[in-house]
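Asker: have a look at this prediction, sequence included:
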Amino acid sequence: MTESRAYHSPRRRQEAANTRRAVLDAALRLFADRGYDRVTVAEIASRAGVATKTVYASVGGKPDLLKEVISAAVDESRGQGTADLVRACDDPRRIVELIAEGTRGDNEQHRDLLAVTHAAMSAHQEEAAALWERTTSLYRALLAETAERLDGLGALPEDLSVEEASQILWFCFGIPAWRTAVHDFGLDWDAAQRWLLRRALALLLR
């Protein structure tokens, strides 16, 4: 009996993980397509191919689903990898290019989720606001560290403080900047990256 449980337990864990992933993927797709407020748990269950009670058992209700899809995206962020590259780089121009590449990657990969989170925040979802704050805090921390790195390399103009450099990095590569370039200006992601990079280089470096 012990051997049977040991044999089946990993398989059950994998099945549970697969179910959870399917539920979260279904939630994200429906939230993105129709808006957080217009989606029901029953519709998420149907999209995932599971019973409604399975959604509650594997993740929870709609606020839990929103929290989990946002948390998963935060965990998958390229921020730490980008930070490591910035720390190892001595070329100021290349550092700014790394920030352009890294922030573009996260914004492009998670564009649907960012839109969902914004919509949920406007619907006064406290969980979304808290997770948005967590996301942007980590994002801003990366940009602040980058500003300090550029200052340490003597790359900033004499009249530009580290704080102002950090603000410029957010202005050029923050979530609103990518949304404006892609959605408002109609640029594709490659063109948006080039456009934002040119402006950041002009504003930041000597």
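Answerer: Done, it's in.
Asker: ok, which stretches of the protein are strands?
Answerer: Counting by DSSP state E, the chain has no strands at all.
Asker: per-domain residue ranges of it.
Answerer: 2-60, 76-204 (automatic domain parsing).
Asker: okay, how far is it across the longest one, tip to tip?
Answerer: End-to-end span of domain 76-204 (Cα to Cα, to the nearest Å): 28 Å.
Asker: what's the spacing between that domain and its chain's center?
Answerer: 11 Å (Cα atoms, centre = their mean, to the nearest Å).
Asker: tell me the mean pLDDT for that domain?
Answerer: For domain 76-204, mean pLDDT is 90.
Asker: OK, contacts around Ile168?
Answerer: When contacts are counted by Cβ atoms under 8 Å, 6 or more residues apart in numbering, Ile168 touches Leu160, Ala200, Leu203, Leu204. All C-beta spots, glycine's among them, are computed from the backbone N, C-alpha and C.
Asker: could you dump the residues you listed into a markdown table and include distance to Val86?
Answerer: Formatted as a markdown table, those follow (distance: Cβ to Cβ, whole Å):
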| residue | distance to Val86 |
| --- | --- |
| Leu160 | 18 |
| Ala200 | 14 |
| Leu203 | 18 |
| Leu204 | 13 |
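Asker: could you work out the most separated pair of these?
Answerer: Largest separation among these by Cβ to Cβ: Leu160 and Ala200, giving 12.4 Å.
Asker: now the helix ranked longest in the chain: buried residues?
Answerer: Secondary structure assigned by DSSP state H gives helix 2-34 as the longest helix of the chain. Going by neighbour count (16 or more other Cβ atoms under 10 Å), the buried part of helix 2-34 is Thr19, Arg20, Ala22, Val23, Leu24, Ala26, Ala27, Leu28, Arg29, Leu30, Phe31, Ala32.
Asker: what mean pLDDT does that helix get?
Answerer: 79.
Asker: against which helices or strands is it packed?
Answerer: helix 41-48, helix 52-58, helix 62-75, helix 111-122 (3 or more Cβ pairs under 8 Å, 6 or more residues apart in numbering; DSSP states H and E).
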